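Undergrad: Coordinates for the following, if possible.
(one chain, ligands or ions: 2)
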Amino acid sequence: MIVVDQNKCVGCRACVDSCPIGAVDLIKITTSGMVSSVAIIDPALCGVCGVCIDRCPAMAVALQQNENENKESKSKLVS
Ligand code: SF4
Ligand code: SF4
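TA: Ligands and ions are numbered 1, 2, ... in the order given. Okay, here's the model as predicted:
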């Protein structure tokens, strides 16, 4: 699945504007009393096309394998 590192995200909207299916949105978060916007991806909608990874100027978006995918890859390596 595709994930956003909210510590790196600067809320520029590039991922929101580039996603072809509208799977990304900006939300407001409060950190140490400061309000900022960060991107959040809906995994139920995301088609894992990778466009948002390429467009993010802060390198805040990345492909992260979940536990099941990791197990699957390992079993493929073994077999
Ligand atoms: S990987 Fe593709 S579908 Fe998923 S959020 Fe990014 S641009 Fe949208
Ligand atoms: S493109 Fe990157 S920095 Fe900009 S809102 Fe999306 S995740 Fe955040």
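
Undergrad: ok, which residues in this protein are in contact with ligand 1?
TA: Contacts of the chain with ligand 1, taken as C-beta under 6 Å from any ligand atom, map to 2, 18-19, 21, 23-24, 41, 46-52. All C-beta spots, glycine's among them, are computed from the backbone N, C-alpha and C.

Undergrad: Buried ones among those residues?
TA: Buried by 16 or more other C-beta atoms under 10 Å: 2, 19, 23-24, 41, 46, 51-52, out of the residues of the chain next to ligand 1.

Undergrad: Quick check: of those, which lies closest to Lys8?
TA: Cys52 (13.1 Å; C-beta to C-beta).

Undergrad: what residues are up against the nearest residue to the closest one once chain neighbours are set aside?
TA: Nearest residue to Cys52, sequence neighbours excluded (C-beta to C-beta, 6 or more residues apart in numbering): Cys15, at 3.8 Å. Cys15 makes contact with 4, 24, 39, 41, 52, 55-56, 61, according to C-beta atoms under 8 Å, 6 or more residues apart in numbering.
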